[in-house]
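A.B. asks: Sharing a model that was predicted from the sequence below.
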Amino acid sequence: MSDVPDRMAVILHRDNYDQWLDLGFTDVTAVSEMPRHYDARMMRCFPVSAMINHVRNDDAECVRPVEIHAPPQGQLFV
């Protein structure tokens, strides 16, 4: 996971989703204990489409793996 920027998203247990998103939940101690270390061996990292950069896109297509097509060697500065 070393390629993931320091601003990685919070990883929560499913049981905490509702409280995390509840604007009326004000228990700072409980909220600060929700994010936990997640074993990097359990994670996958793969490229996704740039559509993830637009808030209006909110479906499973955002996390569908895509192939990165690099320019052929020698064609970089044509």
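C.D. replies: That came in fine, so what should we check first? Residues are numbered from 1 along each chain as shown.
A.B. asks: which residue is nearest the centroid of this structure?
C.D. replies: In the chain, the centroid-proximal residue (C-alpha atoms, centre = their mean) is residue 9; its distance is 5.3 Å.
A.B. asks: ok, that one to residue 46 distance?
C.D. replies: Between residue 9 and residue 46 the computed distance is 15 Å (C-beta to C-beta, to the nearest Å). In short, each C-beta sits where N, CA and C put it, glycine included.
A.B. asks: what's around residue 62, how many residues?
C.D. replies: When neighbours are defined as other C-beta atoms under 10 Å, residue 62 has 14 of them.
A.B. asks: One more: residue 19?
C.D. replies: A total of 14 residues lie near residue 19 under the criterion other C-beta under 10 Å.
A.B. asks: mind listing what it touches?
C.D. replies: 25, 30, 31, 34 (C-beta atoms under 8 Å, 6 or more residues apart in numbering).
A.B. asks: Tell me which stretches of the chain form helices.
C.D. replies: Using DSSP state H, the helices of the chain run over 17-21, 28-33.
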